[in-house]
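>>> with the input below, show me the fold.
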Amino acid sequence: MPKYIAAIDQGTSSTRFMLFDHDGQIIAVDQKEHQQHYPQSGWVEHDPMEIWIRTQEVIFNTLQKSGIHPSDIAALGITNQRETTVIWDKTTGQPLHPAIVWQDTRTDAICHDLARESGQDRLREKTGLPLATYFSGPKIKWMVENNPRIRDAIKNGLALAGTIDSWLIWNLTGGKNGGLHITDGSNASRTLLMDLQKRQWDKELLDLLKIPESILPEIRPSSQVYGEARGILEGVPIASILGDQQAALFGQTCYKPGEAKNTYGTGCFMLMNTGQQPIASRNGLLSTFGYQLENQPAVYCLEGSIAISGALVQWLRDNLGIIQKSSEIEPLARSVEDNGGCYIVPAFSGLFAPYWRSDARGVIVGLTRFVNRGHIARAALEATAYQTREVLDAMRSDSGIDLQNLKVDGGMVVNDLLMQFQADILDVPVIRPRVSETTSLGAAYAAGLAVGFWKSLDELRSKWTPDRTWSPSMPTDRRDQLFRGWKKAITRSFDWTTDHNDG
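Presented below is the predicted three-dimensional model:
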């Protein structure tokens with residue numbers, strides 16, 4: 001009887017492979033980073049072949065370290081960075097263009113042109129999304145328009161396009177020798193090409209962006225046995241696909257309407273379960289697909305997407321040299337009592353929710369001779385908490401639900417200073433679970449349900465245990481004063497780029 005569930009977590013900066021036992025505890029893990037390519041201002045690319053190679057390496061290393069054989073694995077789940085887009089040749093298995101990453105802003109002119117008629121929200125009723133560079137459809141359109149090899153491959157019936165989940169599953173199930181070309185609603189809903197209610201590719205949207213449906217993957221439930229892996233994981237059923245934020249929601253067991261989680265990674269993403277009907281946002285949030293279990297109705301979410309959170313710490317490390325390692329940010333921020341009046345708005349690639357301003361760029365404001373490295377480090381951490389507060393305020397307004405607490409996960413939740421400030425600025429308790437790798441866990445849970453390894457959502461809920469809770473302790477007037485400063489700082493980032501081809 002297989003004893004483990006596996007998950008591939010293909011993220012923006014690295015790929016992980018994890019094995020979980022029946023209690024949802026991590027048994028073994030391996031992780032490898034892949035390179036970030038910035039060919040010009042505003043452009044962000046990954047090498048799809050490097051991602052596939054790293055995926056195979058982490059699988060191999062985890063099995064080697066743990067001594068676990070593929071026959072001990074009941075199922076494999078896939079979770080992935082969303083919106084990052086790949087087009088490849090199905091006969092050679094080679095990418096026809098570097099993957100365009102979700103943060104990339106090169107499609108700004110395309111989105112601006114599409115918005116000229118009926119505005120930025122012209123597709124929102126059907127897709128739940130504004131027209132923005134974030135989403136995959138305009139990225140596909142850009143590649144088709146700018147790469148003759150892709151146009152030839154489409155004309156000859158050789159091109160396949162998809163998000164990273166589709167690229168990995170195609171390779172895992174045989175690649176050019178019969179690989180499956182599939183995705184799920186959590187990824188398809190991020191393309192601007194899927195009808196959110198019908199959960200199907202929409203002809204009107206495809207025609208608008210001039211994308212042939214023949215190159216796109218089949219949309220399947222998020223939890224279902226799709227086929228078996230070949231190669232290193234020979235014979236292991238592949239049984240879940242979830243975009244990383246929906247996977248984290250699932251791993252945090254937010255199965256009831258009104259339950260929410262926030263993931264602190266490269267970006268920051270808050271999702272609230274809204275039940276079996278999408279809620280249209282009036283406050284700059286995304287209405288998005290949550291998950292769908294086999295033979296069950298789809299579950300929808302409101303989402304607030306923040307482009308830059310952990311990436312701001314990396315920027316302080318790599319671009320400014322203020323810290324040598326990311327772990328140094330907390331002690332440096334603790335060296336001062338507050339932000340010294342300094343705010344950082346990290347609009348490196350525009351602002352996502354709730355503003356959706358592609359013309360915004362990053363600013364540091366409130367500088368005086370008093371401000372030092374510690375204040376800048378503190379302002380960098382606080383930027384994530386302020387952006388989360390803006391998203392939560394929008395969620396309250398859209399849903400009419402007052403959050404009782406916020407479940408948190410992702411790399412930054414080890415930062416006690418940030419988590420306490422987050423509780424203070426939100427005025428709600430912040431709860432970190434014992435297993436903080438909830439993205440991988442969510443993919444594992446969904447795969448395990450599909451093969452009967454776990455029997456029900458109630459069983460999964462019983463496994464969720466808190467590790468630490470931060471309770472708000474900041475006086476109301478101080479909270480309001482700090483947040484007013486943030487709101488003023490945000491406005492200073494607007495209207496920075498006026499030319500739509502400007503980086």
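>>> show me where the stretch 1-150 of the chain has its strands.
Counting by DSSP state E, counting those that start in this stretch, the segments of the stretch 1-150 of the chain that form strands are 4-10, 14-20, 26-33, 45-46, 73-80, 85-89, 99-100.
>>> I'd like to know which of those strands is closest to Glu57.
Among the strands of the stretch 1-150 of the chain, the nearest to Glu57 by Cβ to Cβ is strand 26-33 (5.8 Å). Using the backbone N, CA and C atoms, a C-beta is placed for each residue, glycine as well.
>>> got the buried residues for the closest one?
Under the neighbour-count criterion of 16 or more other Cβ atoms under 10 Å, strand 26-33 has 27-32 buried.
>>> between the residues you listed, which is closest to Thr469?
Using Cβ to Cβ, Val29 comes nearest to Thr469 of these, at 25.5 Å.
>>> for Trp356, give me phi and psi.
Torsion angles at Trp356 (phi, psi; degrees, to the nearest 10) stand at phi 50, psi 60.
>>> where does the chain dip in pLDDT?
For the chain, applying pLDDT under 70 flags the ranges 498-503.
>>> rerun that using 50 as the cut-off
Residue ranges of the chain with pLDDT under 50: 500-503.
>>> of the buried residues of strand 26-33, which is the nearest to Ala75?
Nearest to Ala75 among those: Ile27, at 14.6 Å, using Cβ to Cβ.
>>> hang on, the earlier thing: could I get the strands of the stretch 1-150 of the chain as CSV with distance to Leu441?
As requested, the strands of the stretch 1-150 of the chain are arranged in CSV below (distance: least, Cβ to Cβ, whole Å):
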stretch, distance to Leu441
strand 4-10, 7
strand 14-20, 7
strand 26-33, 8
strand 45-46, 24
strand 73-80, 9
strand 85-89, 26
strand 99-100, 25
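>>> for the closest residue to Leu123 other than its chain neighbours, which residues are in contact?
Nearest residue to Leu123, sequence neighbours excluded (Cβ to Cβ, 6 or more residues apart in numbering): Leu192, at 5.8 Å. Taking Cβ atoms under 8 Å, 6 or more residues apart in numbering as the contact definition, Leu192 lies against 123, 127, 129, 131, 135-138, 205, 209.
>>> cool, and Glu303?
Contacts for Glu303 (Cβ under 8 Å, 6+ apart) come out as 245, 269-272, 285-288, 353.
>>> 7 Å instead, please
245, 269-271, 285-286, 288 (Cβ atoms under 7 Å, 6 or more residues apart in numbering).
>>> quick one, phi/psi of it?
The phi/psi pair for Glu303 (degrees, to the nearest 10) reads phi -130, psi 140.
>>> all the strands of the stretch 201-350 of the chain, in order from the start?
218-220, 223-228, 237-243, 260-264, 268-275, 286-291, 299-306, 343-345.
>>> so where's the longest helix in this protein?
The single longest helix within the chain, with elements called by DSSP state H, is helix 373-399.
>>> tell me what the next helix or strand after it is packed against?
Later in the chain than helix 373-399, the nearest helix or strand by DSSP states H and E is strand 406-409. Applying 3 or more Cβ pairs under 7 Å, 6 or more residues apart in numbering; DSSP states H and E, one finds that strand 406-409 contacts strand 260-264, strand 430-433.
>>> may I see the buried residues of strand 406-409?
406-409.
>>> and if you look at stretch 410-426?
410-413, 415, 417-426.
>>> equivalent analysis for stretch 171-188, please.
171-175, 179-188.
>>> burial of the spatially closest residue to Asp398 that is not a sequence neighbour, as a residue count?
Spatial nearest neighbour of Asp398, chain neighbours left out: Ser281 (4.9 Å); criterion: Cβ to Cβ, 6+ apart. Close neighbours of Ser281, defined as other Cβ atoms under 10 Å, add up to 25.
>>> didn't Ser281 look like it was pressed against Ser287?
Yes: contact status for Ser281 versus Ser287: in contact at 5.8 Å, counting by Cβ atoms under 7 Å.
>>> mutual contacts of those two, please.
If you check Ser281 and Ser287 against Cβ under 7 Å, 6+ apart, the residues they both contact are Leu302.
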